[in-house]
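> Please work out how this folds:
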Amino acid sequence: MKKRGLLQKDVKYRQVKFLNNSIESDHAPIKKLIVATGGFKTQKLAWPTIQGFELLRMLNKGQSDFWLRHD
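The predicted structure follows:
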């Protein structure tokens, strides 16, 4: 990508096993809530429930401006 000019020359490639860890572990609280509720019986019920969990998490994290940016 550097040769094609898509990346700057000073960009370094780092292959470290745990760089992605904080992003990957972000869904752990949601999984705990799902287990605590007994799981889902159908996919039709799962989607709105997960959306509700995410909405509450975003509000608790102070990310309520997300809803103002989207129609």
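
> Only C-alpha atoms from now on, for both contacts and neighbour counts.
Will do.

> Touching stretch 2-18 from outside, list them.
Applying CA atoms under 8 Å, 6 or more residues apart in numbering, the set of residues contacting stretch 2-18 from outside is residue 1.

> before we move on, what about stretch 29-42?
Here stretch 29-42 makes contact (CA under 8 Å, 6+ apart) with 46, 50, 53, 54.

> How far does the lengthiest helix in the chain sit from its chain's centre?
What stands out as the longest helix in the chain, according to DSSP state H, is helix 43-60. Mean-position distance between helix 43-60 and its chain equals 12 Å (CA atoms, centre = their mean, to the nearest Å).

> Stretch 37-47 now?
Averaged C-alpha coordinates place stretch 37-47 at 19 Å from its chain's average position (CA atoms, centre = their mean).

> What of stretch 42-62?
Worked out by CA atoms, centre = their mean, stretch 42-62 lies 12 Å from the chain centre.

> hey, where'd the helices end up in this protein?
21-24, 28-36, 43-60, 65-69.

> Need those helices in TSV (columns: mean pLDDT and distance to residue 15).
As requested, the helices of the chain are exported to TSV (pLDDT from 0 to 100; distance: least, CA to CA, whole Å):
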stretch	mean pLDDT	distance to residue 15
helix 21-24	65	13
helix 28-36	82	24
helix 43-60	85	30
helix 65-69	63	32
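
> Adding mean neighbour count, write those helices out as TSV.
Output for these, formatted as TSV (neighbours: other CA atoms under 10 Å):
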stretch	mean neighbour count
helix 21-24	9
helix 28-36	12
helix 43-60	13
helix 65-69	9
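
> residues near residue 42, how many?
8 (other CA atoms under 10 Å).

> From the opening residue of stretch 3-17 to its closing one, how far?
End-to-end span of stretch 3-17 (CA to CA, to the nearest Å): 26 Å.

> How many residues are close by the nearest residue to residue 1 once chain neighbours are set aside?
Closest residue in space to residue 1, ignoring its immediate chain neighbours: residue 7 at 5.8 Å, by CA to CA, 6 or more residues apart in numbering. Counted with other CA under 10 Å, the neighbours of residue 7 add up to 11.
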